[in-house]
Structures are given as structure tokens and as C-alpha cells.
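> Everything below, folded, please.
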Amino acid sequence: MFKKVVIFGVGLIGGSFALALRRAGKAEQIVGVGRSAASLARAKELGIIDTVATDPAVAVNGADLILLAAPVAQTEAILAAIAPHLAPDAIVTDAGSTKSDVVAAARKALGGKIAQFVPGHPIAGREKHGPEAALADLYIGKKVVITALPENRAADVERVAAAWQACGALIHRLSPQEHDAVFASVSHLPHVLAFALVDDIAGKPHAATLFQYAASGFRDFTRIAGSSPEMWRDITLANRDALLTEVDAYLAQLTSMRQMIADSDGAALEKIYASAQHARLQWAAAIEAAERKDS
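Predicted coordinates for the structure are as follows:
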């Protein structure tokens, strides 16, 4: 049980965390902090939070768990604002999609209080954002990666893990560097590709016609292009080095496949398609098996 949970950013991620903790009976009071007064008022109206706070110092007074669910570029400023006001037993965590930059920002802002910051990343989301997008069951069966620091107290790490487990999540552990390399490949690159494709089509003179005939394949591939532009701008730049490596590898693959198309090399194309199909089916089967086991 947490007596006072403070959430910076009460949209999809932070709002869903609040709803899940409330449903599990693990939070006596939930306070919301953010830049938009309208969003905070809406979150309170929807029952996501109990109280709205505009002053970070007042917000974290007496808090035992603080979640940063704001865009990652805001991490340092938020932590610097609350650092002088953190109680010794308060735990701070985050939900950022990048970790090396967040840890660096935390070390700079928190200084000697860095042990109180336990980095995390829930692997869940929707293309919608804002308080209205929040769901109490968003994290059920979803992974949360905790990238604990050497300075963290083991009990604090376990309390953060327990909070996410109360939301229905499955806990995984990586180092910040491992996390960023993995997610550059399987999350950040796909978002870049989806945004790029939709923007390219939208900029064509006959875009209206193209969108008219776009069907389920296009919808499935580009669903994530409906995500928050601000959030993904920050993620893209925060994980720049790892993402550039993945972009370069993908460009090399596209260049190779372009030559196969130009050469009408059907055998080579089919080999790539078959390899990709096999990998995709294996991955989907593993996911289904894991979901059956967890249920």
C-alpha cells in the first residue's frame, strides 16, 4: 500500500498506472501534476486522480511513490524541481521509453539522492493519448522493464516492481544500455518507419486517393503513427545513437531489396519474405504460449 502516489503526466501511461493502482487498492491518495490545467481537471473528473497540484514541491510533500510519465525530455527539469523536497524514504520511478538519457538526467538532477530513483519502462500503449485514453487494464499481462541502478536499495526496487505487478504487469530487468539497444530495434525504429510512411503518402498530390484505398494492411502497419508526436520526437533524439545504427541497417536492407526488385530477382525476394515469415510466426507463437502460461 502506498499512502501518497504522485504522477507527473496523467495521460495514457500515467493515468492507466493510477487507475490500475486504485483498482488494486494499493494507493490511498493519487496526486496529478502536469503542464495542462485542462488535462489535470479532466483526469480528476474521470476519477484518475484525487488531487491536482501545480507546485511540484507541494505535490511531493509526504509522497512515498512518484512516477514520471511525462515526455523524457522533461525528466531533468522535473527531478531538479522535486529533489530538494523528497523525503528520505520516497521512491521515484519513471515510464520513459529510453533509459540511458533518463539515468544521466537523474544523476545530474538528484545528485546524492540518485539511490531513490528506480528507472522503469512499461511496454504497453495505444495510439491514443491524454487522460481519456487511460485504461485500468492497460498493463495486464504486459512487460515492465526495470533498469535498476547500482545505488538503488533492493527494497526500493522491489517496491517499484510490486507496484507494477499490482497493475497486472510482468517484471523484466535489463541494464539501461541493454534496454536502449533492444528498443531502438523493436520499438523506436518501427515508429520512425510508420511516421515516415504516413507523412510521405500525406505529402503526395493524390494523397486523398491513396488514403481512400488504404486497407487493413496499411492500417496495421501505420497504427503507431497515431502516437504522440512530442513524445516520439523526444524518444527519437534521446536514443539517437542506437536508433541511427538501426536506421542504417534498415537502409542497407532496403537498398539490397531495391536491387533485387530492379533485377527482377524473384528467388532472392522470396528467400527474404520466407525468412521474415518464419521469424514472425515463431515470434507470434512464443507470445501466444507465454500468454497462455500467464493466464
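> and the particular helix or strand that has Ser256 in it, what other elements does it pack with?
Following DSSP states H and E, the helix or strand that holds Ser256 is helix 240-262. Under the contact criterion of 3 or more CB pairs under 8 Å, 6 or more residues apart in numbering; DSSP states H and E, helix 240-262 touches helix 189-202, helix 266-294. C-beta: built from backbone N, CA, C; applies to glycine.
> so is Ser121 in a helix, a strand, or just coil?
Actually, residue 121 is His rather than Ser. In the three-state summary, His121 is assigned as strand, counting by DSSP: H, G, I helix; E, B strand; the rest coil.
> Does it touch His179 like I think?
Yes: using CB atoms under 8 Å as the test, His121 is close enough to His179 to be in contact (6.6 Å).
> Give me the common contacts of these two.
Taking CB atoms under 8 Å, 6 or more residues apart in numbering as the contact rule, the neighbours common to His121 and His179 are 99, 145, 147.
> Below-threshold pLDDT in this protein: ranges please.
Applying pLDDT under 70 to the predicted model, the residue ranges of the chain that meet it are 294-295.
> list the contacts for the most centrally placed residue in it?
Computing the C-alpha centroid of the chain and ranking residues by CA atoms, centre = their mean puts Ser97 first, at 4.2 Å. When contacts are counted by CB under 8 Å, 6+ apart, Ser97 is found next to 72, 121, 183, 187-188, 231, 235, 239.
> now those as CSV including distance to Lys128 and neighbour count?
Listed next are the contacts of Ser97 as CSV, based on distance: CB to CB, whole Å; neighbours: other CB atoms under 10 Å:
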residue, distance to Lys128, neighbour count
Val72, 19, 23
His121, 19, 26
Phe183, 21, 23
Ser187, 17, 19
His188, 20, 24
Met231, 12, 22
Ile235, 17, 26
Asn239, 23, 25
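> of all the residues you listed, which comes closest to Ile49?
Met231 (19.9 Å; CB to CB).
> what's the offset of stretch 43-51 from the middle of its chain?
22 Å (CA atoms, centre = their mean, to the nearest Å).
> what do you get for stretch 120-139?
Relative to where its chain is centred, stretch 120-139 has its mean C-alpha point 9 Å off (CA atoms, centre = their mean).
> Return it as CSV; C-alpha atoms alone will do.
As requested, the backbone C-alpha atoms of stretch 120-139 are provided in CSV (Å, rounded to 0.1, in the frame of the first residue of the first chain):
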residue,chain,number,x,y,z
GLY,A,120,11.4,1.7,-15.5
HIS,A,121,9.6,1.3,-18.8
PRO,A,122,6.2,-0.2,-19.2
ILE,A,123,5.9,-1.9,-22.6
ALA,A,124,2.3,-1.0,-23.2
GLY,A,125,0.4,1.7,-25.1
ARG,A,126,-2.2,2.7,-27.5
GLU,A,127,-2.2,5.2,-30.4
LYS,A,128,-4.4,7.4,-28.3
HIS,A,129,-3.1,9.7,-25.6
GLY,A,130,-4.4,12.0,-22.9
PRO,A,131,-6.5,11.2,-19.8
GLU,A,132,-9.4,9.9,-21.9
ALA,A,133,-7.1,7.1,-23.2
ALA,A,134,-6.2,5.8,-19.8
LEU,A,135,-7.3,2.2,-19.0
ALA,A,136,-7.2,0.4,-15.7
ASP,A,137,-6.3,-2.9,-17.5
LEU,A,138,-3.6,-1.4,-19.9
TYR,A,139,-0.8,-3.3,-18.1
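> in that stretch, what's buried?
120-126, 129-131, 133-134, 136, 138-139 (16 or more other CB atoms under 10 Å).
> Give me the contact list for the helix or strand where Ala20 lies.
With secondary structure defined by DSSP H and E, Ala20 is part of helix 12-24. The set of residues external to helix 12-24 that reach it, using CB under 8 Å, 6+ apart, is 2, 5, 7-8, 10, 27, 30, 32, 43, 46-49, 67, 69-70, 95, 122, 124-126, 128-131, 133-139, 163, 166-168.
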